[in-house]
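K.L.:
Everything below, folded, please.
(2 chains)
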Amino acid sequence: MIKQLAKSIGQYKKPTILAPVFVTLEVAMECFIPWYMVVMLDRISADNSMGNILTYGGILLILSFLALAFGILSGKYAATASAGFARNLRQNLYYSVQDFSFANIDKFSTSSLVTRMTTDVTNVQMAFMMIIRVAVRSPIMLIFSLVMAFTINTTLAWIFLALVPVLGSILVFVVFKVDPLFNKVFKKYDAMNESVQENIRGIRVVKSFVREDYEKKKFERTAEDVRKDFVRAEKIVAFNTPAMQFCMWFAILMICFLGSAISVKGGGEGFNSSALSSMIVYAAQILSSLMMLAMVLVMITIGRTSAERIVEVLEEKSTLTSPENAIKEVADGSITFENVSFKYAAEAEKFALKNVNLTINSGETIGILGGTGSSKTTLVSLIPRLYDVTEGSVKVGGKDVREYDLESLRNAVSVVLQKNVLFSGSIKKNLRWGNENASDEELVRVCKLAQADDFIQGFPDKYDTYIEQGGTNVSGGQKQRLCIARALLKKPKILILDDSTSAVDTKTDALIRKAFRDEIPDTTKIIIAQRVSSVEDADKIVVMNDGEIADFGTHDELMQRSPIYREVYESQNRKGGEDNE
Amino acid sequence: MNKAQKDSAGTMRVLGRLLKYLFRYYKGSLIAVMACIVVTAAAGISSSVFLELLIDDVIAPGITQGFDAVSATLTKIILVMAGLYVLGVACSFIYTRLMAVITQGFLKKMRTDMFNKMQSLPLRYFDTNNYGDIMSCYTNDIDSLRQLISQSLPNIFYSFVSILYLLVVMFNSSVWLSLIVFLCVGMMISSTKSIGGRSAKYFVRQQRTVGKTEGFVEEMMAGQKVVKVFCHEREAKRDFDEINYELFKDSEAANKFGNILMPVINNIGHIAYVLVAIAGGLLVLYGVPNLTFAGLSATGITIGAIVGFLNMSRQFTLNISQVSQQVNMVVMGVAGAKRIFGLLDQTPETDEGYVTLVNANIDENGNITESETRTGKWAWRHPHKADGTVTYTELKGDIRMFNVDFGYVPEKIVLHDVSVYAKPGQKIALVGATGAGKTTITNLINRFYDIADGKIRYDGININKIKKGDLRRSLGIVLQDVNLFTGTVMDNIRYGKLDATDEECIAAAKLANAHDFITRLPEGYNTMLTGDGSNLSQGQKQLLSIARAALANAPVMILDEATSSIDTRTEALVQAGMDKLMEGRTVFVIAHRLSTIRNSDAIMVLDHGRIIERGMHDQLIAEKGTDYQLYTGAFEFE
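P.N.:
Next up, the predicted model:
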């Protein structure tokens, strides 16, 4: 895991190394200053001359300024190193996802990917900064302070050394005791926030059923539950501060008592009052560095979970790649399915498609009809090689799709997905996804085909209208038509509409199909639909049932021989009233 | 006032309000916390005072007079110290625990306040605010508030008390040396201001860029399949690189200033330490009379006093640096509190209705009396203010809209002069292109929004006079986007009627034809639904939502594209249930599909917020209502 993450240091190696180096130097100065202060005070008490004061004072001042400079440098390099590390990490994550196949994408939910690229990266960034700064600083501070304490007085220094394991074990105990508690409570906390989200999304339902008070009570219970668990965990954490103070003050008390005695008995020689003062400073430094270490431990544990989630994405290998010596040209829009079977996961028991054989000639219009879960979408996903078949082969333009360069294949096969997405930006920018170099005239042409030009012209800014994220400022039907226009701009040899006109009214739907017939006769058109009216004028219609092709033929043929087709047709087209009255 | 001043004034106001809130609920505990902090802080700084005492009263005389002469004094000082420390640790134990309780209790209070407020807000609030923005009040803002309350506030108070103590002790020890420390503190404050200010500025900017990145990543991840289909990976990477670099720059700047603040403050502390030593040495050298509270003393400062003072100056600067470290947290916490207060200050949905829905007994003469128990009959209880009488009207489900105009914003009217009459038991279909105003009409009936002009009557009563809760209870609604809640399938159906028995829920599920698929779920009715029912298909979710509405058993139903995601074969199954559901009720149905609306009593064809055709199916076909035919696809078999 660490190896995988370390790759992301990349061009920021220099600051990553310099930051701990300067931290070390700063700490060295910080520990040296109190020690040197003792020396200075000794000399002054022995020979209080102007020369002594200025020499020692001057040296001390220089040391302080050096510490300042080192501190600033270490902070600066640590910032660059950690921000840079996070930058590379985000980039690597994002690039990995770009290389994902559909099968990979299905594995991760959108929100989990977003969390990985934001919160998780931030956590790891903080942990990284902690490691190169504080995790270096605290142990060095601890060691330097101990060494300095021993040089001043061995007996007193043993007090520190005895206290380090005591405090250390208290801190470790607290961290380990609290960690599982926090894990538990954070799960509850997430669940609580999820329920808030549910409430916001379902506010129409809440208000319609007048369940405001019910929801309030439900939330109150959850919030109380979360509060209780948090208090339990926080109370244990709260133990840290008094424990640390206890150890620190115990040390100071011992130093004061023994130190005074030693000093008096020694007649002021060797261990004197200024040494006593310095010892107290070291005591504070040692204990606070232990405290810092405990904090770092916590940060690293938080960072570790995040790091694991990041690495999971980084190590995900794309299941689809272009072959070597790939074919770059798709000959025509003919499609052949030969004994195709498919399942989404190798370990799945059920095949999503079973033994499909289908031949579609270039330029034909094919309708696909079938109930939910009959694998209509799965069938068409295999054509632009969004997934690889499990058995058999799919051929486009006479060649197996696995022989093509992925980009060339997908440029020739344009899919308007069922779950359609527009991106924030102008309509023009969205349409040009299909072809970056398309002229304005071409945009208008495809929009006319998709029956989108009319409503676009109705917007004040026309083709420059800004589409909000998720396309919230256009209606569902408008969104679908824009998506169709975008797909048309690719000038595909095969156009697949996966239930892409469900929100478009029947009138417009018919106009779109008419435009296709008249304007792009050479393109193979595959239309998945719920409405029989959307497919009945197709050259041929595929009737899907439970992952198999139940029938394939023209409208008239299917009316003759397919009971499923007839049933669907009749349920939608019973003439008003005649069978009711 | 310039902008910065205004900002800081705003910050103080929000902080003040937050403190007022805190004190309102936890006055006693907070006073106890403050008292404990005062004691602990005293223990914390006592070492400096005692050190000076030890040096001057024990070590110095001890060296000349021998250990035995001073051992009693030493023991006394150490015992006092120990006593103070024990007290300090005990107080520290108490206040840290108390703070844990206060913080979590207060956060819970804020959360429930927000949630309760949210439940009372009009639908407009949810339609005009981004879900993510509302959610971040519950997540990010509450988190930063926790930091503020549990860490920053006690730490700042602790440091503040310590600084006060130290001020007194330092001045009492030596005014001259105190002045040197002050000089350094001035430097610390100004560097905190300039570095901390810049750091805060970049942190805010970083926060913004993080938001931007999050939005971008979210959009791209949600559309990742589209990216793949259009082979748009290169462009997607290019756009990301730009935004990622921006985030890197802001994060680097924010952390740089954040990181150097501590070393700068600490090392100014070191410099102060050294300067005090030098000055102390000089004071002793020249025998400068010492100035304290007691006035100018004849003798100079002692070495013991200098050593003690060195310790104090160190503690003093440490406390200042403690405070400076909290600056960012305070800024972020206050920003969070501001957004939370923003939500709490929203105006709730108003309800001036006074006509309520009651259970009723109706005798054979049509006389209506109120009943305490469920009777299956409902009546509107209509009190008349003028003469203090109460009249009852039977709930029949007669809804009439007269010449209604409406716009979501006043400048843009989306419904023009709409009149719809639905007599009890009638089925009214609303047909039209997307955006024609079909859903808007239903939003007005249940008063999610209020009409601009015209009138709506429910059983002859102006709907503005009916209490909103009672009005909505009398309307069952099934929407296109189904929202389910975390819980079992049974819980979700029961949402329609909270006191329903399991048998009633199952009966409702059978009515909606949901029973079959539910029994096939791994745990039947006890199957847990999570993440808005992500383990169900869209069609199954719609069946559940129909079952939920069936259980509510309202006399008026609104079906807004309720069956759009059910394929026609399944719909045929649902249809039977739907027909049963609609029996004897007034129904408003919005649909594209002919099959859903063909047997309606009246069909309204809407276009751009106007009713352009109305009539029964056959009548419309006969009249060659072309728009009707086109919108429903009826022309294909004519």
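
K.L.:
From residue B:144, how far out is the residue in the stretch 151-300 of chain B that chain A sits nearest to?
P.N.:
Residue nearest to chain A within the stretch 151-300 of chain B: residue B:263 (2.4 Å; C-beta to the nearest C-beta). C-beta: built from backbone N, CA, C; applies to glycine. To residue B:144, residue B:263 is 25 Å away according to C-beta to C-beta, to the nearest Å.

K.L.:
domains of the chain?
P.N.:
Since you didn't name a chain, this refers to chain A. A:2-314, A:335-551+A:564-573 (automatic domain parsing).

K.L.:
I was after chain B.
P.N.:
Taken from automatic domain parsing, chain B resolves into B:3-198+B:259-344, B:356-394, B:399-637.

K.L.:
Local confidence estimate at residue B:82?
P.N.:
On pLDDT, residue B:82 comes in at 91.

K.L.:
From residue A:15, how far out is residue B:209?
P.N.:
20 Å.

K.L.:
out of those two, which sits in the busier spot?
P.N.:
Remark: of residue B:209 and residue A:15, residue A:15 carries more neighbours, 23 against 20, as counted by other C-beta atoms under 10 Å in any protein chain shown.

K.L.:
hang on, isn't that one packed against residue A:80?
P.N.:
Yes: shown here, residue A:15 and residue A:80 form a contact pair, counting by C-beta atoms under 8 Å, at 4.4 Å.

K.L.:
Identify the residue nearest the closest residue to chain B within chain A in space, chain neighbours excluded?
P.N.:
As assessed by C-beta to the nearest C-beta, chain B sits closest to residue A:71 within chain A, at 2.4 Å. Excluding the flanking residues, the one nearest residue A:71 by C-beta to C-beta, 6 or more residues apart in numbering or on different chains is residue B:263, at 2.4 Å.

K.L.:
Would you mind listing the buried residues in stretch A:334-349?
P.N.:
Neighbour counts using 16 or more other C-beta atoms under 10 Å in any protein chain shown place A:334, A:335, A:336, A:337, A:340, A:342, A:343 of stretch A:334-349 among the buried residues.

K.L.:
Of the residues you listed, which belong to strands?
P.N.:
Of the positions in those, A:335, A:336, A:337, A:340, A:342 sit in strands, assigned by DSSP state E.

K.L.:
what about the closest residue to residue A:374 other than its chain neighbours, helix or strand, and which?
P.N.:
Sequence neighbours aside, residue A:544 is the residue nearest to residue A:374 in space, at 4.2 Å (criterion: C-beta to C-beta, 6+ apart). Per DSSP states H and E: residue A:544 is located in strand A:540-545.

K.L.:
Give me the sheet partners of that strand and which way each runs.
P.N.:
strand A:365-370 (parallel), strand A:548-553 (antiparallel) (DSSP bridges).

K.L.:
Format the ones you listed as JSON lines; extra columns: mean pLDDT, distance to residue B:117 and mean neighbour count.
P.N.:
As requested, the strands paired with strand A:540-545 are exported to JSON lines (pLDDT from 0 to 100; distance: least, C-beta to C-beta, whole Å; neighbours: other C-beta atoms under 10 Å in any protein chain shown):
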{"stretch": "strand A:365-370", "mean pLDDT": "84", "distance to residue B:117": "47", "mean neighbour count": "25"}
{"stretch": "strand A:548-553", "mean pLDDT": "82", "distance to residue B:117": "54", "mean neighbour count": "18"}
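
K.L.:
Just send the ones you listed back as TSV, with distance to residue A:28 too.
P.N.:
Shown next, in TSV, are these (distance: least, C-beta to C-beta, whole Å):
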stretch	distance to residue A:28
strand A:365-370	74
strand A:548-553	76
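
K.L.:
Quick one: closest of the ones you listed to residue B:527.
P.N.:
strand A:365-370 (26.2 Å; C-beta to C-beta).

K.L.:
tell me the angle the closest one makes with strand A:335-342.
P.N.:
20 degrees (axes from the mean of the first three to the mean of the last three C-alpha atoms, to 10 degrees).

K.L.:
which residues are in contact with strand A:365-370?
P.N.:
Contact with strand A:365-370 is made by A:360, A:376, A:379-380, A:513, A:516-517, A:524-529, A:532, A:534-545, A:550, A:564-565, A:568, B:567, as judged by C-beta atoms under 8 Å, 6 or more residues apart in numbering or on different chains.

K.L.:
unless I'm mixing things up, residue B:314 is touching residue A:282, no?
P.N.:
No: taking contacts as C-beta under 8 Å, residue B:314 lies outside contact range of residue A:282: 11.9 Å.

K.L.:
picking that back up, you'd agree the residue of the stretch 151-300 of chain B closest to chain A is in a helix?
P.N.:
Yes: Residue B:263 sits within a helix when classified using DSSP: H, G, I helix; E, B strand; the rest coil.

K.L.:
so who does it touch?
P.N.:
A:26, A:67, A:68, A:70, A:71, A:72, A:74, A:75.

K.L.:
Let me know how buried the second one is, in neighbour terms.
P.N.:
Right, the one you point to is residue A:67. Residue A:67 has 24 nearby residues by other C-beta under 10 Å.

K.L.:
element containing it, please.
P.N.:
Residue A:67 belongs to helix A:50-98, assigned by DSSP H and E.

K.L.:
Is the helix or strand just after that helix positioned near chain B?
P.N.:
From helix A:50-98 onward toward the C-terminus, using DSSP H and E, the following helix or strand is helix A:102-107. Yes: contact of helix A:102-107 with chain B is found when judged by C-beta under 8 Å from any C-beta of the partner chain, involving A:102, A:105.

K.L.:
who's in contact with helix A:102-107?
P.N.:
Here helix A:102-107 has contacts from A:97, A:316, A:318, A:319, A:320, A:344, A:381, A:386, A:387, B:224, B:225, B:228, using C-beta under 8 Å, 6+ apart.

K.L.:
how about the residues of the stretch 401-550 of chain B that lie near chain A?
P.N.:
Counting by C-beta under 8 Å from any C-beta, the residues of the stretch 401-550 of chain B that sit close to chain A are B:432-435, B:446, B:448, B:469-470, B:472-473, B:475-477, B:479, B:483-486, B:495-496, B:498, B:531-532, B:537-539, B:548.
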